[in-house]
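Chemist: quick one, fold the following:
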Amino acid sequence: MENQERFAEIRHRQVATNGITMHVAEQGDLSAPPVLLLHGFPELWLSWRHQMAALAANGYRAIAPDLRGFGDTDVPTDPAAYTVFHIIGDLVGLLDHLELPRVFIVGHDWGAYMAWHLCQLRPERVRALVNIGIPYLQRTPSVKPTDRFFKAFGDGFYIRQFQEPGRAEASFARYEVSTVLKKFFSIKMDNLSAPPGMEIIDFLEELPSPLEWISEDELQYFAEKFQKNGFTGPLNYYRNFDKNWELMAPWQGAKIEVPTKFILVKRDIGYNTYGTEMMVKGGGIKEVVPNLDVVSIDGYHFIQQEKAEEVTSEILSYFKSQT
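Modeler: Numbers count the residues shown, from 1 in each chain. Next comes the predicted model:
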């Protein structure tokens, strides 16, 4: 009942954009400053439930789509239909449909990756950005991502296992969908690499007790949506790392001038192992994102749900400073 009451003010619509139909959840006055919230893997619009309510209560219009391949948004069958250009094309089309020339943006995980590039490719559409956990990764012009980074962690590295079509899907299928999700939601490790000969989903532990930050009803909502469409669409994001590297060549070295706050998550995946802390605190990220503020929150990967009040406070304070 509590969830039903909390979500009663959320509006849902289907929007035609860039050749697909996108599901969008909204909360807040239609005339209020809009905030576009971009989720990651394995998530949905619902990942922003806490931020949507707070944004609406503080005079903003929260707009949270299910990205291409997720939830109630269309799931193209062609793996090549999940490049950075496709996703950003979806988002620009969404803003055009809603007649929103400029928006605030918040991104997490894959949503953060796409938000960085949206600011790089179409900065005139963005008032300010808050990105969570995933720093801007500078393009290395001479080496593809799968050669430069993924191989260093061996075959057990989760992104490397996700590259092969069908491999992760087959291993996920040995479990209930809710179990797959709980295994990811329970992650409390810095390096997502399985031992030799083991699939990453078998290596991940499912915490025996319910997670404090997600109710059983909310977990079942996630599970129903992933049960409906499977994981192939979301996994295709990972399978386009090299294609994205090729497509972004014309923007080699281009700076992101949009005012940005980056939330560094102290116990996130890769904080130490993949160099996130060094990249951000060492100042490397400012070479590309010069107008940058950095804050740290102590938590794990799904921080906008786990530490909802802290994350929301950082979002609100930054956007208010930019108006």
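Chemist: where in the protein is pLDDT low?
Modeler: Scanning the chain for pLDDT under 70 picks out 1-8.
Chemist: all helices of the stretch 201-323 of the chain, in order?
Modeler: With DSSP state H, counting those that start in this stretch applied, the stretch 201-323 of the chain shows helices at 216-229, 232-238, 241-247, 276-281, 303-306, 308-321, listed in chain order.
Chemist: can you pull the buried residues of the fourth one?
Modeler: Just to be clear, that refers to helix 276-281. By neighbour count, and taking 16 or more other C-beta atoms under 10 Å as the criterion, the buried residues in helix 276-281 are 276-277, 279-280. Backbone N, C-alpha and C define where each C-beta goes, glycine included.
Chemist: contacting residues for the closest residue to T17 other than its chain neighbours?
Modeler: Closest residue to T17 apart from its sequence neighbours, by C-beta to C-beta, 6 or more residues apart in numbering: G93 at 3.2 Å. Contacts here follow C-beta atoms under 8 Å, 6 or more residues apart in numbering; on that basis G93 touches 15, 17-18.
Chemist: before we move on, the earlier item: pick the most deeply packed of the helices of the stretch 201-323 of the chain.
Modeler: Highest mean neighbour count among the helices of the stretch 201-323 of the chain (mean count of other C-beta atoms under 10 Å): helix 303-306, with a mean of 24.
Chemist: what residues does that one touch?
Modeler: Residues external to helix 303-306 that are found in contact with it (C-beta under 8 Å, 6+ apart): 47-51, 108, 132-133, 212-214, 263, 265, 268, 297, 299-300, 311-312.
Chemist: and V180, how many neighbours?
Modeler: By the measure other C-beta atoms under 10 Å, the count of residues near V180 is 24.
Chemist: pretty sure it belongs to a strand, no?
Modeler: No. If the criterion is DSSP: H, G, I helix; E, B strand; the rest coil, then V180 is helix and not within a strand.
Chemist: tell me the contacts of it?
Modeler: 42, 172, 201, 226, 231.
Chemist: among the residues you listed, which two are most distant?
Modeler: Looking at these by C-beta to C-beta, the two members farthest from one another are I201 and F226, with 13.1 Å of separation.
Chemist: the closest residue to K243 other than its chain neighbours: neighbour count?
Modeler: The shortest distance from K243 to any non-neighbouring residue, by C-beta to C-beta, 6+ apart, is to T83 (5.3 Å). Here the neighbour count serves as a burial measure; for T83 (other C-beta under 10 Å) it reads 20.
Chemist: what's the spacing between H50 and E216?
Modeler: As for H50, its distance to E216 is 17 Å (criterion: C-beta to C-beta, to the nearest Å).
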